[in-house]
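Peer 1: I would like to see how this sequence folds:
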Amino acid sequence: MAAPRGRLIVGRIGRPHGVRGEAYVDLLTDREERLAVGARLWARDTELVVAAARRSNNRWLVTFEGFDRTTAERFTTAELLADPLDADDDSDALWVHELIGSTVVQADGTDRGRCVSVVANPAADLLELDSGHLVPVTFVVTCTDGVITIDPPEGLFDVDDATG
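Peer 2: As a prediction, the model looks like this:
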C-alpha cells in the first residue's frame, strides 16, 4: 500500500509487548525524532501520538496515547506514516517522495524521462528512469519543482546491444 499523498512511510507497528499497550516498532528512517514524545503519526487512517519510546535492540518499544493491549493488537502490522519534515532541516537532502515522478533532464537540457523509483545501493542510491536507465544520485545537481537536473559522465546513457 502506498502512503497517502504527502505522507511518508516511516515505520511499521509490530506485535504488542506486555499488557500496558506498548508495541514493537520497526523504524524505517534514521530520523529518530519520528518517535519523540508528542510526535504525531498515522496508521490505518488514525492519528497516533507518541507517549513514550525506547530502544529495544534493533527495534523500538513505543506507547501511543490511549493504547492498551487490545488497541496495540489491532494495529499489529500497520504502516506508520508521517508528514515530511521541514526541508529547512537539511537543504541539501534529496527526498525520495520528491524524486519519484519528477522529470529528469541533463544540465544541457536533454530530457531523460521520469524517475519511477529510487533503488537503494551501497555506493549511492540510484534513480530508476522510465527508460530503465539507472542514474547514481551523486550526479544530481538540483531537484526543484518536479525537475531533477543531472550532470552525468559521458556514456552513462549509451546502450550496449551486445547482451540482447
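Peer 1: after the one helix or strand in the chain whose mean pLDDT sits lowest, which helix or strand is next?
Peer 2: Across the helices and strands of the chain, mean pLDDT, DSSP states H and E gives its lowest value to helix 96-99, namely a mean of 79. Per DSSP states H and E, helix 96-99 leads on to strand 103-106 as the next helix or strand towards the C-terminus.
Peer 1: if you count neighbours, what's buried in the following helix or strand past that next one?
Peer 2: Downstream of strand 103-106, the next assigned helix or strand under DSSP H and E is strand 111-119. Residues of strand 111-119 classed as buried: R112, R114, C115, V118 (neighbour count, 16 or more other Cβ atoms under 10 Å). C-beta coordinates here come from the backbone N, C-alpha and C atoms, glycine included.
Peer 1: re the thing from before, hmm, who's touching the least confident helix or strand of the chain?
Peer 2: Helix 96-99 has contacts (Cβ atoms under 8 Å, 6 or more residues apart in numbering) with L8, P84, C115, V118, L127, C143, I148.
Peer 1: returning to that earlier point: any idea which of the buried residues of strand 111-119 is closest to R40?
Peer 2: Closest approach to R40 among these (Cβ to Cβ): V118, at 25.5 Å.
Peer 1: go through the contacts of helix 96-99 and name the one nearest D68.
Peer 2: For the contacts of helix 96-99, the nearest to D68 is L8 (27.6 Å; Cβ to Cβ).
Peer 1: do you know how far that closest one is from R34?
Peer 2: In this view, L8 and R34 are 9 Å apart by Cβ to Cβ, to the nearest Å.
Peer 1: one more: L134?
Peer 2: As judged by Cβ to Cβ, L134 and R34 stand 29 Å apart.
Peer 1: who's more crowded, these two?
Peer 2: R34 (22 against 14; other Cβ atoms under 10 Å).
Peer 1: could you look up the SS state of the more buried one?
Peer 2: Put simply, R34 is helix when judged by DSSP: H, G, I helix; E, B strand; the rest coil.
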